[in-house]
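> got a sequence here, can you build the structure:
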Amino acid sequence: MAAKASRLAHHTAIVTGASSGIGLAIAEAMAAAGCAVAVNYHSHAEPAQELVDRIVEQGGRAIAIQADVSKEADVVRLFDEAARAFGRIDVLVSNSGIQKDAAIADLSLDDWNTVIDINLTGQFLCAREAVRRFRAQPTSGRPARSAGVIITMSSVHETIPWAGHINYASAKGGVHMFTRTLAQEVASDGIRVNAIAPGAIKTPINRDAWESNEELTKLLRLIPYGRIGEPGDVAKAAVWLASDEADYVTGTTLYIDGGMSLYPEFRDNG
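Residues are numbered from 1 along each chain as shown. Below you'll find the model as predicted:
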C-alpha cells in the first residue's frame, strides 16, 4: 500500500470537471496515489467539497475551486488558486465536458457553441495555462522526470462517427489532433501530453444508456469485452499517464473502451 500511495508523491494536479463521474474518480485516485489535488467544478460545489473532505480525512491534500474552463479569466484564476495552495502544478487533467444532443437540422447555434467552447476551447485554455506554468517553474526539486504532464479527455467518438451528436463528436475529433499537435510542440520542454478516450462508462451523463436492463443489453452489443466501464477504469489509466511509469509516452491516445472502437458490427465479417 505504501508503494502505491507514493506513486505521485509530492505531485500536485488540477483535475477539471471533478465533481462527478470520471473527473471525480480521477481526482480521488490521484489523491490515493499521493498527489495533492485541485478539484475543479463548474456549478456543483457540494459534491466537489465532499470529495475534498473525503481526501483530507484520509490524510491527503485537496481543495475545491470553482471555474468555467471556457472562460479565460476563470482558467487563470483556477491555476492561480491551485498554485497558491500547493506551491506548484505538475499535472493537468483536462476532463471537463458536456453534451447537448440533437440532429443537425434541430441543433441550435447556442448548443453547438456551448459544446465546442467547453469540450475543445476549454482544452486549449487549460493546456495553454499549464504550459506557461510548467515552463516558469524551477526544474530543481521537481517530483517527476518530466517538466509537466497534460492529460486531455477525449472519447471513442474522436474516431467513431456519432449521428445526432455532431457537436460532441466534432469537439472530440478536435481534441485528438489538439493533443498530438501540442505534444509535438512542447516535447522539447520536457512536457508530456496524452489523451484518454473512454468508451461507454457508467456515469451520470449517460445514465439513460445503462439504467435499465433493456438499454444496457443494447449497449453491450457495442462492447466486445462484455461490460460497461467504470470510472475507476479511466482513473487508473490517468494515474499511470501522470506518473514516471509513462515517462516515454507522449502524443498518444489511450482507449479505455472494452473494444468499442474495434467496430464490433464486423465481428461476423460485417
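
> for the chain, longest helix please?
Ranked by residue count under DSSP state H, the longest helix found in the chain is helix 166-186.

> and that helix, average pLDDT?
Mean pLDDT, computed over helix 166-186, is 98.

> return the list of helices and strands in contact with that helix.
helix 109-116, helix 122-136, strand 148-153, strand 191-198 (3 or more CB pairs under 8 Å, 6 or more residues apart in numbering; DSSP states H and E). Where you see a C-beta, it was placed from the backbone N, CA and C, and this is true even at glycine.

> what is the last one packed up against?
Meaning strand 191-198. Taking 3+ CB pairs under 8 Å, 6+ apart as the contact cut, strand 191-198 packs with helix 122-136, strand 148-153, helix 166-186, helix 231-242, strand 253-256.

> the ones you listed: which one's closest to Ala25?
Ala25 lies closest to helix 231-242 among the helices and strands packed on strand 191-198, at 3.4 Å (CB to CB).

> now that closest one: buried residues?
Across helix 231-242, burial judged by 16 or more other CB atoms under 10 Å covers 231, 233-239, 241-242.

> and stretch 104-111, by the same measure?
Buried residues in stretch 104-111 (16+ other CB under 10 Å): 107, 111.

> first-to-last residue distance for it?
Using CA to CA, to the nearest Å, one end of stretch 104-111 lies 11 Å from the other.

> hmm, back to that, so which of the buried residues of helix 231-242 comes closest to Arg132?
Ala242 (19.1 Å).

> just send the buried residues of helix 231-242 back as a markdown table, with distance to Ile89 too.
Shown next, in a markdown table, are these (distance: CB to CB, whole Å):
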| residue | distance to Ile89 |
| --- | --- |
| Pro231 | 23 |
| Asp233 | 26 |
| Val234 | 21 |
| Ala235 | 19 |
| Lys236 | 22 |
| Ala237 | 20 |
| Ala238 | 16 |
| Val239 | 17 |
| Leu241 | 16 |
| Ala242 | 12 |
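
> what's the pLDDT at the residue most central in space within the chain?
The chain has Asn95 as the residue nearest its centroid, 3.0 Å off, counting by CA atoms, centre = their mean. According to the prediction, Asn95 has pLDDT 98.

> point out the most buried one among the helices and strands packed on strand 191-198.
strand 148-153 (a mean of 26; mean count of other CB atoms under 10 Å).

> packing partners for that one?
Partner elements for strand 148-153 (3+ CB pairs under 8 Å, 6+ apart): strand 91-94, helix 122-136, helix 166-186, strand 191-198, helix 231-242.
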